[in-house]
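Asks: sequence and predicted structure below; questions after.
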Amino acid sequence: AALRRRLGTLVQASVEDDRRSGRRGRRLDTGSLHRPCAGQPVRFCAREARDAPKTAVGLLLDRSGSMGGRMALAGQAVLATALALETVPDVACWAAAFPGANRGGVIPLKPFAARASRVAGRFGLGAGGGTPLAEALWRAAYELLRRPEPRRLVIVATDGLPDDPDRVRDAIGRCRAGGIEVLGLGIGQNLAEVEGVFGARSASAIGVIEGLAPALFALLERHLTRA
C-alpha cells in the first residue's frame, strides 16, 4: 500500500514536471527579474501538464541457490511490486523467475494480461540452480520489445552474484542502448554487489520487506520522472 501511494505520487509528478514562463502565476521567474529595466513585465513560473509515457515493466526474480534463505523476502518484494505497479495508470507489468527448467529458461510468474493477485501463489518459490542473469535479461528484453509502450524497464530482485558478470554487464549495456532501463534490487544487505552489476544510480537494496517502498521508490524516482 505504501509503495502504491508513492508510485501514484511519482507518476503524477512526472506528468506535471514541465515548466513554462508566463505572465501569470504564483512564483516569479528569477531569470526575468531584469525585464522591468527594459520596460518589460516580469514573468512567472507555471507548470504545464504533459502526457506521461506509457511504460512496460519486466520483473525478474532470482531463485538461484545462492539466494538461500532470502527467497521468502525476494518473492514478497517482487509480488508487492507487481501488485503496486498494476494500479498505476499506463503501466503494464510482466514477471518471471530464473533459472527455469534449463539454463536459458525462466519460470513465468505473471503475464502482462494477468492480475498479480490472481497468480500470487506462483511467487513462493524455493532456491536452486545457478544464476544465468544474462539469459534472463534477454528473455525480459524480448517480452518488453513486443509491447507498444515507448518506455521500458527491467527490475531484477537478486543477491548480485551472477554466474558470468561480464556477460551480464554486456547484456545490460545492450539493453540500455536499446532503450530498456535495467535496475537492480538487492535482497539482503548486498548493495555493493548489486551496484557492481547494475551501477550505483540503478541499484538499491533491502533487508526487510518494510524497506521495499522507500528503496524501490528512490530507485524508480531516478528513472520514471525522465521523459
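Replies: Alright, I've got the coordinates.

Asks: got a list of contacts for stretch 157-166?
Replies: Here stretch 157-166 makes contact (Cβ atoms under 8 Å, 6 or more residues apart in numbering) with 59-62, 64, 66-67, 70, 74, 77-78, 130-134, 168, 184-188, 190, 192-197. Every C-beta, even on glycine, is put in place using the N, C-alpha and C of the backbone.

Asks: go again using 7 Å as the cut-off
Replies: 60-62, 66-67, 70, 74, 77-78, 130-134, 168, 184-188, 190, 193-194, 196-197 (Cβ atoms under 7 Å, 6 or more residues apart in numbering).

Asks: now swap in stretch 201-212 and tell me
Replies: For stretch 201-212, the surrounding residues in contact (Cβ under 7 Å, 6+ apart) are 3, 73, 76-77, 80, 182-191, 194-195, 215-216, 218-219, 222.

Asks: from the chain's centroid, how far away is that stretch?
Replies: Per Cα atoms, centre = their mean, to the nearest Å, the displacement of stretch 201-212 from the mean C-alpha position of its chain is 12 Å.

Asks: got it, and stretch 209-225?
Replies: Taking Cα atoms, centre = their mean, one finds stretch 209-225 lying 8 Å from the centre of the chain it belongs to.

Asks: next one: stretch 60-78
Replies: Its chain's C-alpha centre and that of stretch 60-78 lie 17 Å apart, by Cα atoms, centre = their mean.

Asks: kindly export that stretch (C-alpha atoms) in CSV.
Replies: The C-alpha trace of stretch 60-78 is given here as CSV (Å, rounded to 0.1, in the frame of the first residue of the first chain):
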residue,chain,number,x,y,z
LEU,A,60,12.9,-10.8,-12.7
LEU,A,61,13.1,-12.9,-9.5
ASP,A,62,16.5,-14.6,-8.9
ARG,A,63,15.8,-18.0,-7.4
SER,A,64,19.4,-19.3,-7.7
GLY,A,65,20.9,-21.5,-4.9
SER,A,66,22.9,-18.5,-3.6
MET,A,67,19.6,-16.8,-2.6
GLY,A,68,19.1,-19.5,0.0
GLY,A,69,17.1,-18.0,3.0
ARG,A,70,16.4,-14.8,1.0
MET,A,71,13.7,-16.3,-1.2
ALA,A,72,10.8,-15.5,1.0
LEU,A,73,11.8,-11.8,1.1
ALA,A,74,12.6,-11.8,-2.6
GLY,A,75,9.2,-13.4,-3.6
GLN,A,76,7.4,-10.9,-1.3
ALA,A,77,9.2,-8.0,-2.8
VAL,A,78,8.6,-8.9,-6.4
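
Asks: return the set of buried residues in it.
Replies: Residues of stretch 60-78 classed as buried: 60-64, 66-67, 70-71, 73-78 (neighbour count, 16 or more other Cβ atoms under 10 Å).

Asks: now the two most distant members of those residues.
Replies: The span of the buried residues of stretch 60-78, defined through Cβ to Cβ, is set by 66 and 76 at 18.3 Å.

Asks: and residue 200, what is it in contact with?
Replies: Taking Cβ under 7 Å, 6+ apart, one finds nothing in contact with residue 200.

Asks: quick one: low-confidence parts of the chain?
Replies: 8-52, 103-104, 189, 224-227 (pLDDT under 70).
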